[in-house]
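Asker: Predicted structure and sequence below. I'll ask about it afterward.
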Amino acid sequence: MSWWRTLLNLPPRGEHWSDQRRTKKPGKGRPQNTAPEWWDHPDGPVSPTPRQAQGVAAQYSTPQQAPPPAGGVMAPPRRPSSRPAEPSQPGQRPPERLKQRSSHGSHAAPAPAPAREVYEPGQAPWSTESESSFSTWARRFFRGLVVVVLLLAAISGVRSWVAPNKAPETVVSGQNSFPSDEARAVATRYAVSYLNWDEDEPDARPAQIGLDLAAGLDSRAGWNGRGKQTADRAYPGQVTVDSGGVTAVVDVRVEVRPYAKKGKVWTAGAATWERVSVPVARTASRVVASGPPTFVPDVRVPLPDNMPEASAPDDDLTAATLKDAEAFFGAYAESDNKVSAVTAPGSTIRSLNGAVKFGELKDWQVYTGNDDERRATAAVTWDGAGDTTLDQTYTLTLRRTVATDGAQRWQVAAVG
């Protein structure tokens, strides 16, 4: 027997576990149980002894009994009696041989049975049978599979199966929506820090950049340590997120003012607007800048071709509402109370609270529409401090109202 069969407590090759539990069918050369189901006995019924127990008992019983004659029936063992044997009395009828019952009748002659096989000492009480090739292959395959699984468990460790290692905290998933608002805030502050430098204070810029730049990246961000420039105002724009949802690019516009050094004095130059593209990345805790910004050209472009067209002008309604429009913009420049007096009922419009004064209504146009609501445009001139004037164009919504006396008028319901 091979060592691995001994280790796994397997039977010898060619045998299987069911050999010990298999019930042998009667066959050629095998003794049959000839014990009767029931027989008469002066002391009561006696149950037959199992065949295997009879064979083992026959080996160690003393003295050895001779096998029954051919063609006869072996009588079952009698139950031991506690009464002493009485001598035979004259005229007493000797005991008759027990007769085995038969399915063909009580007087049918019993069929002769072959003698039982007696096992030798040390002989196994079972016999081996050859297995099919498929059964042998399946049994070996599953046992080998168990051995492989146990070896893998010993190598990888049971702990890694029960509690596998979690992903690092720096790894993020792109399943959730990208935090665009936080990305705009981080990109705006980083763009201002990036475009601020002063050679008289070389450590100030890296300290400010380090607030938003990812750890491990160079906080000098490409600056050679010379010159001076300030960045005061910045406005974030569009956030373009990549397909993975981890990185993005934020469009930021920053107002910068360069300085020129004359001797030991720095002289400020004209302020200009610069447009930069800031790369950002989303981590498990916050959004960080993933690299230095890049400059992007900010050029003028024409209006799109699919701009909504205005409706046809309504000249009659334009002339009828001209005075009401002038009164509205006069109140709109002064206070909320005056605006509420000239607006449509149920509308709330906040005034400019005296920031400018109404100059004139340069253009007023009402367009066609339904009978209850119309769209209008107005070109207004505002008077500022001193001799300053500023022209602006407004889009308004007019709503038709009916007074208690039946009079109808159009009033401003919304601005913009």
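Answerer: On my side now, so go ahead. Numbering: from 1, shown residues only.
Asker: And what about the residue nearest to Ala403 when sequence neighbours are not counted, helix, strand or coil?
Answerer: In space, and not counting its chain neighbours, Ala403 is closest to Arg409: 7.2 Å by CB to CB, 6 or more residues apart in numbering. Where C-beta positions appear, they are placed from N, C-alpha and C, glycine not excepted. Applying DSSP: H, G, I helix; E, B strand; the rest coil to Arg409 yields a three-state assignment of strand.
Asker: For Glu373, list each beta-bridge partner.
Answerer: Beta bridges link Glu373 to Arg399, judged by DSSP bridges.
Asker: what does the domain assignment say about the protein?
Answerer: What the record gives for the chain is the domain set 1-16+130-165, 180-295, 315-415, from automatic domain parsing.
Asker: Each with direction, which strands does the longest strand along the chain pair with?
Answerer: Across the chain, the strand with the greatest residue count (assigned by DSSP state E) is strand 247-262. Strand 247-262 has its sheet partners listed here by DSSP bridges as strand 228-241 (antiparallel), strand 265-268 (antiparallel), strand 272-282 (antiparallel).
Asker: Can you give me the buried ones in the shortest one?
Answerer: Under the neighbour-count criterion of 16 or more other CB atoms under 10 Å, strand 265-268 has Trp266 buried.
Asker: again with the first one
Answerer: For strand 228-241, burial by neighbour count (16+ other CB under 10 Å) applies to Lys228, Gln229, Thr230, Ala231, Ala234, Pro236, Val239, Val241.
Asker: Return the residues in contact with the spatially closest residue to Thr294 that is not a sequence neighbour.
Answerer: Of all residues not flanking Thr294 in the chain, Ser277 sits nearest, at 5.1 Å (CB to CB, 6+ apart). Going by CB atoms under 8 Å, 6 or more residues apart in numbering, Ser277 touches Val249, Val250, Asp251, Val252, Pro293, Thr294, Phe295, Val296.
Asker: Quickly note the distance from Ser277 to Gly237.
Answerer: Using CB to CB, to the nearest Å, one gets 10 Å for the distance from Ser277 to Gly237.
Asker: Need the overlap of contacts for these two.
Answerer: By CB under 8 Å, 6+ apart, the residues touching both Ser277 and Gly237 are Val250, Asp251, Val252.
Asker: Look up which residues are beta-bridged to the first one.
Answerer: Listed by DSSP bridges, the beta-bridge partners for Val250 are Val239, Val278.
Asker: So for it, what's the pLDDT?
Answerer: At Val250, the predicted lDDT confidence score is 96.
Asker: And it, how close does it get to Val239?
Answerer: 5 Å.
Asker: For these two, list the residues in contact with both.
Answerer: Ala183, Arg184.
Asker: quick one on the thing from earlier: Serialize the shared contacts of Ser277 and Gly237 to a markdown table and add fields for neighbour count.
Answerer: Formatted as a markdown table, the shared contacts of Ser277 and Gly237 follow (neighbours: other CB atoms under 10 Å):
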| residue | neighbour count |
| --- | --- |
| Val250 | 27 |
| Asp251 | 19 |
| Val252 | 25 |
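Asker: any idea which of the residues you listed is the one closest to Trp4?
Answerer: Trp4 lies nearest to Val250 out of the shared contacts of Ser277 and Gly237, by CB to CB, at 65.9 Å.
Asker: contacting residues for that closest one?
Answerer: Ala183, Arg184, Ala187, Thr188, Pro236, Gly237, Gln238, Val239, Thr240, Ser277, Val278, Val280.
Asker: Which pair of those spans the longest distance?
Answerer: Pairwise distances across these peak at 15.6 Å for Thr188 and Thr240 (criterion: CB to CB).
Asker: Give me the below-cutoff pLDDT ranges for the chain.
Answerer: Within the chain, the segments meeting pLDDT under 70 span 1, 7, 9, 14, 16-120, 122-132, 158-176.
Asker: where exactly do the strands run in it?
Answerer: 197-198, 228-241, 247-262, 265-268, 272-282, 287-289, 294-295, 357-366, 373-383, 389-402, 408-415.
Asker: Now tabulate those strands in JSON lines and tack on distance to Gly346.
Answerer: Output for these, formatted as JSON lines (distance: least, CB to CB, whole Å):
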{"stretch": "strand 197-198", "distance to Gly346": "55"}
{"stretch": "strand 228-241", "distance to Gly346": "35"}
{"stretch": "strand 247-262", "distance to Gly346": "39"}
{"stretch": "strand 265-268", "distance to Gly346": "52"}
{"stretch": "strand 272-282", "distance to Gly346": "42"}
{"stretch": "strand 287-289", "distance to Gly346": "43"}
{"stretch": "strand 294-295", "distance to Gly346": "50"}
{"stretch": "strand 357-366", "distance to Gly346": "21"}
{"stretch": "strand 373-383", "distance to Gly346": "13"}
{"stretch": "strand 389-402", "distance to Gly346": "9"}
{"stretch": "strand 408-415", "distance to Gly346": "8"}
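Asker: Report the buried residues of stretch 253-271.
Answerer: Arg253, Val254, Glu255, Val256, Trp266.
Asker: Was I right to think the first one contacts Pro297?
Answerer: No: with the criterion set as CB atoms under 8 Å, Arg253 and Pro297 do not qualify as a contacting pair; they are 12.0 Å apart.
Asker: need the contact list for Asp298.
Answerer: Taking CB under 8 Å, 6+ apart as the definition, contacts of Asp298 comprise Arg253, Trp273, Glu274, Arg275.
Asker: Reformat the residues you listed as JSON lines; add distance to Ser156.
Answerer: Below are those laid out as JSON lines (distance: CB to CB, whole Å):
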{"residue": "Arg253", "distance to Ser156": "55"}
{"residue": "Trp273", "distance to Ser156": "60"}
{"residue": "Glu274", "distance to Ser156": "56"}
{"residue": "Arg275", "distance to Ser156": "54"}
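Asker: Using PyMOL, make a named selection holding only the buried ones among the residues you listed.
Answerer: To isolate the buried ones among these in PyMOL, judged by 16+ other CB under 10 Å, type:
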select buried, resi 253+274+275
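Asker: Much appreciated, bye for now.
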